[in-house]
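> Okay, here's the prediction I keep looking at, along with the sequence it came from:
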Amino acid sequence: MLTAAGATGQLIFLPVMAVLTERHSWRAASLVVTFAALAVVPFVVAVLRDYPEDLGVTAYGAPPGRPQAPAIHSTGAARRAVRALAAAARTKTFWALAGGFAICGATTNGLIGTHFVPSAHDHGMPETTAAGLLALVGIFDIAGTIVSGVLTDRIDPRLLLVCYYFFRGVGLLVLPWLLSDAVRPSMLLFIIVYGLDWVATVPPTAALCREAFGTSGTIVFGWVFASHQFGAALASVGAGIVRDTTGQYTLAWFGGAGLCLVAAIVSVTIRGHKRVSM
């Protein structure tokens, strides 16, 4: 839910940013984001604490009456993170997860998040309308991620990843024929499906990290998530180059669809039930 909220926040801000940029300037839009970030600071100071015991509650999932957990040393976090990466990097499972998640980032933030609005504008759609469609992606993203979490408890996470990447690839494959100067039912269907799929990959990927790397699974997932951002950055630049070179985004969408096929195949090869000692 936290990951979905992060993605949803990015997308919901887009219509506001588009309107401010169109009516005023990009500086006004940047200032809105700045003040929104600063407004969160008082809530962090007033509400957030380090341990459940600080608020007089039991840790989520812990049995009632469980003794207080020992304090975690605040030093050595960087060392533990690097050690976990060094151990995980020696396994094919880590690279399969990181590679798949890099493609996840490439086909969400990198392609759709960055280039959907200008691509729609190329087809005559107003920027504010296209930004509003991305905001809808953010709304459906929450539902898709929660449902994905439920399914991860019941279905093999590898099969879920195959399905998610497959349907995302199909969406990117048909997107060039859906873009137009107006919002049609076919485009709304694409937005709904893509929204449900946006970060639905997070629960099964996190579960596989935990399954393969045990108590260090959360740290390893942090590194896997870093690959998500890396893939997004590369795809953002790559799609921009395609647009500048060919004058359209079609090859970028097709390339993203091909990457999704690769991610689906890689997901099948992920091994589980073998925890790596950190």
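Perfect, I can see it now.
> is it true that Val162 touches Ile270?
No. The pair Val162 / Ile270 is not scored as a contact, 10.0 Å apart, by Cβ atoms under 8 Å. Heads up, the C-betas are built off the backbone N, CA and C, glycines and all.
> List phi and psi for Arg49.
The phi/psi pair for Arg49 (degrees, to the nearest 10) reads phi -130, psi 170.
> who's in contact with it?
Neighbour list for Arg49: Leu55 [criterion: Cβ atoms under 8 Å, 6 or more residues apart in numbering].
> mind checking how far it is from His123?
Applying Cβ to Cβ, to the nearest Å, the value for Arg49 to His123 is 49 Å.
> quick one on the thing from earlier: which neighbours do Val162 and Ile270 have in common?
In contact with both Val162 and Ile270: no residue, using Cβ under 8 Å, 6+ apart.
> give me the low-pLDDT residue ranges for this protein?
Scanning the chain for pLDDT under 70 picks out the ranges 65-75, 272-278.
> ok, which stretches of it are helices?
Using DSSP state H, the helices found in the chain span residues 2-23, 26-47, 77-88, 92-105, 114-122, 127-152, 157-178, 185-197, 202-213, 217-246, 250-269.
> Determine the number of other residues adjacent to Ala232.
Neighbours of Ala232 under the rule other Cβ atoms under 10 Å: 22.
> Does it touch Phe101 like I think?
No. Between Ala232 and Phe101 there is no contact under Cβ under 8 Å: 10.2 Å.
> In contact with the closest residue to Thr108 other than its chain neighbours: list those residues for me.
Spatial nearest neighbour of Thr108, excluding adjacent residues (Cβ to Cβ, 6 or more residues apart in numbering): Trp198 at 5.7 Å. Trp198 makes contact with Ala4, Ala7, Thr108, Val137, Gly138, Phe140, Asp141, Gly144, Thr145 under the criterion Cβ under 8 Å, 6+ apart.
> Please repeat the previous calculation with a cut-off of 6 Å.
Ala7, Thr108, Val137, Asp141 (Cβ atoms under 6 Å, 6 or more residues apart in numbering).
> give me phi/psi at it?
phi -50, psi -60.
> So it versus Gly255, what's the distance?
19 Å.
> Could you export the contacts of Trp198 to a markdown table, including columns for neighbour count and distance to Ala206?
Below are the contacts of Trp198 laid out as a markdown table (neighbours: other Cβ atoms under 10 Å; distance: Cβ to Cβ, whole Å):
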| residue | neighbour count | distance to Ala206 |
| --- | --- | --- |
| Ala7 | 21 | 15 |
| Thr108 | 27 | 16 |
| Val137 | 28 | 21 |
| Asp141 | 27 | 16 |
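> ok, now how distant is Thr34 from Pro15?
Taking Cβ to Cβ, one finds Thr34 at 18 Å from Pro15.
> Which one of the two is surrounded by more residues?
Pro15 (19 against 10).
> what's the closest residue to the more buried one other than its chain neighbours in contact with, if anything?
Nearest in space to Pro15, with sequence neighbours left out and distances taken as Cβ to Cβ, 6+ apart, is Ala131 at 4.5 Å. The contact partners of Ala131, by Cβ under 6 Å, 6+ apart, come to Leu14, Pro15, Ala18, Val117.
> can you check Ser227 too?
With contacts defined as Cβ under 6 Å, 6+ apart, the neighbours of Ser227 are Ala98, Phe101, Ala102.
> So which of the residues you listed is surrounded by the most neighbours?
Phe101 (26 neighbours).
> Can you verify my assumption that that residue contacts His228?
Yes. With contact defined as Cβ atoms under 6 Å, Phe101 reaches His228; the gap is 4.7 Å.
> Give me the phi and psi angles of the residue nearest to the spatial centre of the chain.
When Cα atoms, centre = their mean is applied to the chain, the residue found nearest the centroid is Val199 (4.5 Å). With angles defined as degrees, to the nearest 10, Val199 sits at phi -120, psi 30.
> start at 17 instead
Sure, I'll start numbering at 17, so the last one becomes Val215.
> Please tell me how far it sits from Asp260.
29 Å.
> In contact with Asp213, which residues?
Tyr180, Phe183, Arg184.
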